[in-house]
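Asks: Here you go, sequence then predicted model.
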2 protein chains.
Amino acid sequence: MKISTKSQYGLRAMVYLAKFPQKICSLRSISKDEGISFDYLEKIISKLKKAGLIKAKRGVQGGYFLNKSPAEIKIREIIKALEGTTGLVKCMAAEKYHCPREKKCLTKIFWKKIQVSLNSIFDSSTLADLIKGSKAT
Amino acid sequence: MKISTKSQYGLRAMVYLAKFPQKICSLRSISKDEGISFDYLEKIISKLKKAGLIKAKRGVQGGYFLNKSPAEIKIREIIKALEGTTGLVKCMAAEKYHCPREKKCLTKIFWKKIQVSLNSIFDSSTLADLIKGSKAT
DNA sequence: CTAAAACCGACCAATTTCGTCGGTTTTAAA
DNA sequence: TTTAAAACCGACGAAATTGGTCGGTTTTAG
């Protein structure tokens, strides 16, 4: 039940970009400042871009920048872009999957409770909140 | 960011035992009723036993039973026994580990928030609650 | 004595994680 | 117009984790 470094790195990269909302930041600078492997970060950034959370400018002086303002980007969107889903267990992650034990499953109710709480935080937190430090909610 | 089947199976096994607090249940019966691989479940049960959450009676007619009443067993204890920790990220899971970025890390505050919320549910839920269905908290 | 059960350590296949590598395309600036 | 810095892309691969399997031993009720 660990959060992968993919998500941790991805979130850090997004926070990095959010700190300089106007600026275009190269992968090189993010990787260097955050101490994340350049090649690996590229893969992560690529997912964030495909999800439409960031945009890129190619060529010399190019780099990445947020597609929306930090206050408009929920953490949920970031995790979903990287992880595919914020679902903790199969029966909540995959729409299609239908567990045969569902009806009588006493544990599902519990996992659901965890899931709801988690999603609520993921949804109520934005990049702007992270930069401000902590948040009330 | 998935919860492993190890934890899911383990929780189901504990709920199973909690449903018959007096009875001694054999691994065979749990595995059969819950549809979990016998050999794999054995490994899981072994961890729960080492953590002191369940006890065993050996020999014919033997099996497993809870060491405390369902109302006294928090889900947190179960997850910790199986997973080693309920920590989501390294800097919260390992006591020893000290992240060099800690001071300036804006994401840590966020993960911490998630962690606190998670632990609070893990701590306030007992096996008895799961059996009753859902719970207020 | 026997069979049912817990107990135990070693092994193993598949998957996921966490990268690496070698290229290509684009583009600002010299 | 060349050059170098950057994004982009697909393939590969080592290491760790997950989810088991197997072959035994010990214990104990009947």
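Replies: Done, it's in.
Asks: Close to chain B: what parts of chain A are there?
Replies: Neighbours of chain B within chain A, by Cβ under 8 Å from any Cβ of the partner chain: A:1-4, A:7-8, A:11-12, A:15, A:35, A:75, A:79, A:83, A:86-89, A:93, A:101, A:106-107, A:109-111, A:113-114, A:117-118, A:121, A:125, A:130-131, A:133-135. Backbone N, C-alpha and C define where each C-beta goes, glycine included.
Asks: which of those are buried?
Replies: Buried members of the residues of chain A next to chain B, counted by 16 or more other Cβ atoms under 10 Å in any protein chain shown: A:1-3, A:7-8, A:11-12, A:15, A:75, A:79, A:83, A:86-89, A:93, A:106-107, A:110-111, A:113-114, A:118, A:121, A:125, A:130.
Asks: how far does the lowest-mean-pLDDT helix or strand in chain A sit from the chain's center?
Replies: Confidence across the helices and strands of chain A bottoms out at helix A:90-93, with a mean of 85, counting by mean pLDDT, DSSP states H and E. Here helix A:90-93 shows a centroid-to-chain-centroid distance of 18 Å under the convention Cα atoms, centre = their mean, to the nearest Å.
Asks: Repeat that for stretch A:112-124.
Replies: Worked out by Cα atoms, centre = their mean, stretch A:112-124 lies 14 Å from the chain centre.
Asks: circling back to that earlier point, so which of the buried ones among the residues of chain A next to chain B also contact DNA strand C?
Replies: Among these, not one lies near DNA strand C by Cβ under 7 Å from any atom of the strand.
Asks: still on that earlier bit, what is the orientation angle of the helix or strand just after the least confident helix or strand of chain A with helix B:106-124?
Replies: Sequence-wise, the next helix or strand downstream of helix A:90-93 (DSSP states H and E) is helix A:106-124. Angle, helix A:106-124 to helix B:106-124, by axes from the mean of the first three to the mean of the last three Cα atoms, to 10 degrees: 150 degrees.
Asks: list the helices and strands helix A:106-124 packs on?
Replies: Contacts defined by 3 or more Cβ pairs under 8 Å, 6 or more residues apart in numbering or on different chains; DSSP states H and E place helix A:106-124 against helix A:75-83, helix A:90-93, helix B:5-19, helix B:106-124, helix B:127-132.
Asks: what residue ranges in chain A are flagged as low confidence?
Replies: A:134-137 (pLDDT under 70).
Asks: tally of neighbours for the closest residue to DNA strand C within it?
Replies: Nearest to DNA strand C in chain A, going by Cβ to the nearest atom of the strand, is A:Gly59, at a distance of 1.9 Å. For A:Gly59, the neighbour count with other Cβ atoms under 10 Å in any protein chain shown is 6.
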